[in-house]
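Engineer: How does the following fold in three dimensions:
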Amino acid sequence: MPPVALKLFPFLAWRDRVDRVTLRADLLAGLVGAVMVLPQGVAYATLAGMPPEYGLYGAMLPAIVGALWGSSWHLMSGPTNATSLMVFATVSVLAVPFSPQYVGLVLTLNLMVGLIKFGLGVARLGSLVNFISTSVVIGFTAGAGLLIIGAQLRNFFGLHIPQQASFIAGLRDFATHLGQTDFGVLAVGVFTLVASIIGRRVLPRVPYMLTGIVAGALFALVLSLASVAEVATIGALPSAVPPLSLPEFSVRTWQTLAPIALALTVIGLSEAISSARAVALKSHQRIDGNQEFIGQGLANIAGAFTSSYPTSGSFNRTGANYEAGARTPLSCVFSAMLLLVILLLVKPLAGYLPVASMAAVLFIVAIGLIDVAAMRHVWKTSRGDALVLVVTLIATLTIRLEVAILVGVLVSLLVYLNRATHPLVLRVSPDPAQERRFRRVGTATPLCPQVDMLRIDGALFFGSVEHIRDEIDALRVAAPTARHVLLIGTGINLIDTAGADLLANLAKTFRADGTTLTLCKMRPEVLALLERGGYLDAIGRANVFTTKDQALAAIYRMLDAAQCAACDARIFNECRDALPDGRVRDRARPEPTLVPPNTAGVGS
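Structural biologist: Alright, predicted model coming up:
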């Protein structure tokens, strides 16, 4: 397949994955997605201040385009909670919600968002998603799962209370009105949950969520016919093919909507990439951020001309798509097509779906988003990553979703900067078990009293120079007799002028104290900067060596022979047979006892 064809039609890359088995799995997963988006599309469109059918239109062509031109196998595009809220909050100040003017502005906004996303993808700025670390994804996903549970409690228990913007406020409101539970609604919700769990074991080939929804609908119908309870359903749905629409192309309108479009772009891409990466952690797929930007952009552009308001990747529908057994993006295509079929042919039946059953299904999806094992692993592995996870989780529950992601990214960057500005500065010593390999010094490691050997593991730049200076000063206090300091540069992966100034100043300070600073094994790019800036002359070109052998041989010739004759450490190959002045070492003196390598350090 020519590379140009794959760039224009990226869905050709996974065509070999399609067979009879995957088609069946994708068809069933698509049916689950179509059923799930029915109430969500209507609710989210209303939340956005748009006519209800616009939410369903957003789950048709935009979902197909986003799936075929994206990179994720499971990401489902369509109306989302955060995007809907942002549309209403920003556009409602410009026009009356649900009015033709309002609809026209939202369609134009959708086109602008699509163009920005597409432009970012074409410019290959998909690497921006790399700032969303795994810890952010895990924390955000868990928080989103809890938010879904909190939002569906009132539907599951049949409580007639308004939806709260805050998770804590919603729980407080739920607890206050718990005594008003409609037990008929609760029974339908519980029955749906039980049917889903049983269906998962008894009918493994049928998506258990679909089993639960059908069973819940039948149970609600029985309760209604028996006059036991009347359970609310999602109600009558519009039955229409998405009509063509035309956004505005007024310069003044575009100028007015530009800041809103930028904000929605950030929100939409954060939602889509986070959703895709959250599922990719389970499916072991790599997400191409550039391609995902392009896919989401084209989805918004297509939606702007087919009566859809801004869409993005949906957390709960993407999770449900994966849990339902989707194998390829064709599940999203089937979902859009089946949604259209439902609206055209079986609209009366779709109206019988109980709201409580939909809440129960969303509970199952939400629980799947809370990866306790991954959270426990992060907590045990890294305290910094654990901090990022916890902060992101709390932010997701207390502030808006899109802001929570940005908070998580910010904390991730702060943790990274803290690590980058605190590189390890280690005292090392030759490893007797490996020729010319150095190890981290342990408590029982013999040291040369005349040579102090140090290694910096990390970047030597403006943000780390003070820390490195303090660490070297502290290490030098522990080796006051050493008049030669060998700095091994294998771990210095970056240097700037501030780092070069530090090396030059250390050489000058040591020289004034009668100590020589010697550099060895510096990376070519580090040596190139030291050369360009004239720092090699300040350090002393005679004190810069390519290998440790050369450096140690040169240092050994300058050592005090009398101290070497009385020393039992003998950690260098050079001091085993001869003294620095050329005399043969006294063989009557016992050889030093070699201690095992310190496995906590990394050899250099």
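Engineer: Would you verify that V425 is located in a helix?
Structural biologist: No: counting by DSSP: H, G, I helix; E, B strand; the rest coil, V425 falls outside a helix, being strand.
Engineer: what's the nearest residue to it if we skip its chain neighbours?
Structural biologist: E471 (3.7 Å; C-beta to C-beta, 6 or more residues apart in numbering). (Each C-beta comes from the backbone N, C-alpha and C, glycine too.)
Engineer: Just checking, which helix or strand succeeds the host helix or strand of that neighbour along the chain?
Structural biologist: Per DSSP states H and E, E471 falls inside helix 465-477. For helix 465-477, the following helix or strand on the C-terminal side (DSSP H and E) is strand 484-488.
Engineer: returning to what we had before: burial measure for the residue nearest to V425, as a count.
Structural biologist: 18 (other C-beta atoms under 10 Å).
Engineer: wait, W14 sits on R327?
Structural biologist: No: between W14 and R327 there is no contact under C-beta atoms under 8 Å: 9.5 Å.
Engineer: more crowded one of those two?
Structural biologist: Remark: of W14 and R327, R327 carries more neighbours, 21 against 16, as counted by other C-beta under 10 Å.
Engineer: Assess the claim that that one and G30 are in contact.
Structural biologist: No: taking contacts as C-beta under 8 Å, R327 lies outside contact range of G30: 11.1 Å.
Engineer: Name the residues that touch the longest strand anywhere in the chain?
Structural biologist: Longest strand of the chain, by residue count under DSSP state E: strand 451-460. When contacts are defined by C-beta atoms under 8 Å, 6 or more residues apart in numbering, strand 451-460 is touched by residues 420, 422-429, 438, 464, 468, 472, 475-476, 479, 482, 484-496, 499, 502-503, 526, 555, 559, 602, 604.
Engineer: Just the buried ones out of those residues, please.
Structural biologist: By neighbour count, with 16 or more other C-beta atoms under 10 Å, these hold 423, 425-429, 438, 464, 468, 472, 475-476, 479, 482, 484-492, 494-496, 499, 502-503, 526, 555, 559, 604 as buried.
Engineer: Now do the same contact list for the closest residue to R469 other than its chain neighbours.
Structural biologist: Leaving aside its sequence neighbours, R469 sits nearest to L502 (C-beta to C-beta, 6+ apart; 6.3 Å). Counting by C-beta under 8 Å, 6+ apart, L502 touches L460, V465, I468, R469.
Engineer: now for those, which pair is the farthest apart?
Structural biologist: L460 and R469 (10.6 Å; C-beta to C-beta).
Engineer: These two: which is more packed in?
Structural biologist: More neighbours surround L460 than the other of L460 and R469, with 23 against 15 (other C-beta under 10 Å).
Engineer: quick one: pLDDT of that one?
Structural biologist: Looking at L460, its pLDDT reads 95.
Engineer: which strands and helices sit next to the helix or strand harbouring L417?
Structural biologist: According to DSSP H and E, L417 maps onto helix 401-420. Applying 3 or more C-beta pairs under 8 Å, 6 or more residues apart in numbering; DSSP states H and E, we find helix 401-420 packed against helix 81-91, helix 134-157, helix 251-283, helix 383-398.
Engineer: Buried ones in that helix, by neighbour count?
Structural biologist: In helix 401-420, counting by 16+ other C-beta under 10 Å, buried: 401-412, 415.
Engineer: now stretch 131-141
Structural biologist: I132, S133, T134, S135, V136, V137, I138, G139, F140, T141.
Engineer: cool, and stretch 255-265?
Structural biologist: Of all the residues in stretch 255-265, those buried under the rule 16+ other C-beta under 10 Å are L257, I260, A261, L264, T265.
Engineer: now stretch 507-523
Structural biologist: Buried residues in stretch 507-523 (16+ other C-beta under 10 Å): A507, F510, T515, T516, L517, T518, L519, C520, K521, M522.
Engineer: Need the three-state assignment for the fifth one.
Structural biologist: L517 carries the three-state label strand when classified by three-state DSSP.
Engineer: what's it in contact with, if anything?
Structural biologist: Taking C-beta under 8 Å, 6+ apart as the definition, contacts of L517 comprise V485, L487, L503, L506, A507, F510, R511, I539, G540, N543.
Engineer: So which of those belong to helices?
Structural biologist: The helices, defined by DSSP state H, take in L503, L506, A507, F510, R511, I539 from those.
Engineer: I472 is in contact with the second one, correct?
Structural biologist: To tie it back to what came earlier, the one meant is L506. Yes: L506 is within contact range of I472, at 7.0 Å (criterion: C-beta under 8 Å).
Engineer: quick one: contacts for the closest residue to R327 other than its chain neighbours?
Structural biologist: Nearest residue to R327, sequence neighbours excluded (C-beta to C-beta, 6+ apart): T22, at 4.0 Å. Taking C-beta under 8 Å, 6+ apart as the contact definition, T22 lies against R327, T328, L330.
Engineer: Can you say which helix or strand has T22 in it?
Structural biologist: With DSSP H and E as the test, T22 turns up in helix 20-47.
Engineer: Phi and psi next, for D577.
Structural biologist: Main-chain torsions, D577, degrees, to the nearest 10: phi -110, psi -40.
Engineer: count of neighbours near the closest residue to it other than its chain neighbours?
Structural biologist: Nearest non-adjacent residue to D577, counting by C-beta to C-beta, 6+ apart: R585, 5.9 Å away. Residues near R585, counting by other C-beta under 10 Å, number 16.
Engineer: Roughly how far does R585 sit from C564?
Structural biologist: 8 Å (C-beta to C-beta, to the nearest Å).
Engineer: Check C448 too.
Structural biologist: When C448 is compared with C564 (using C-beta to C-beta), they lie 9 Å apart.
Engineer: same check, this time on K117
Structural biologist: For K117 relative to C564 (C-beta to C-beta), the value is 69 Å.
Engineer: Between those two, which is the more surrounded one?
Structural biologist: K117 (27 against 23).
Engineer: Mind telling me what element the more buried one is part of?
Structural biologist: Going by DSSP H and E, K117 is in helix 100-122.
Engineer: Look at M86 and say how many residues are nearby.
Structural biologist: Neighbours of M86 (other C-beta under 10 Å): 22.
Engineer: do the same with the one 3 residues further on
Structural biologist: Other residues near A89 come to 14 when the count uses other C-beta under 10 Å.
Engineer: what's the answer for L397, then?
Structural biologist: Neighbours of L397 (other C-beta under 10 Å): 18.
Engineer: Can you tell me, leaving aside adjacent residues, what's nearest to it?
Structural biologist: Going by C-beta to C-beta, 6+ apart, L397 has F167 as its nearest residue, at 4.4 Å.
Engineer: so where do the helices sit in the stretch 151-300 of the chain?
Structural biologist: Using DSSP state H, counting those that start in this stretch, the helices of the stretch 151-300 of the chain run over residues 167-176, 183-202, 208-225, 251-283, 289-304.
Engineer: got the angle between the fourth one and helix 100-122?
Structural biologist: Relative orientation of helix 251-283 with respect to helix 100-122: 60 degrees, computed using axes from the mean of the first three to the mean of the last three C-alpha atoms, to 10 degrees.
Engineer: Check the shortest one too.
Structural biologist: Angle between the axes of helix 167-176 and helix 100-122 is 130 degrees (criterion: the same axes, to 10 degrees).
Engineer: No more questions from me, cheers.
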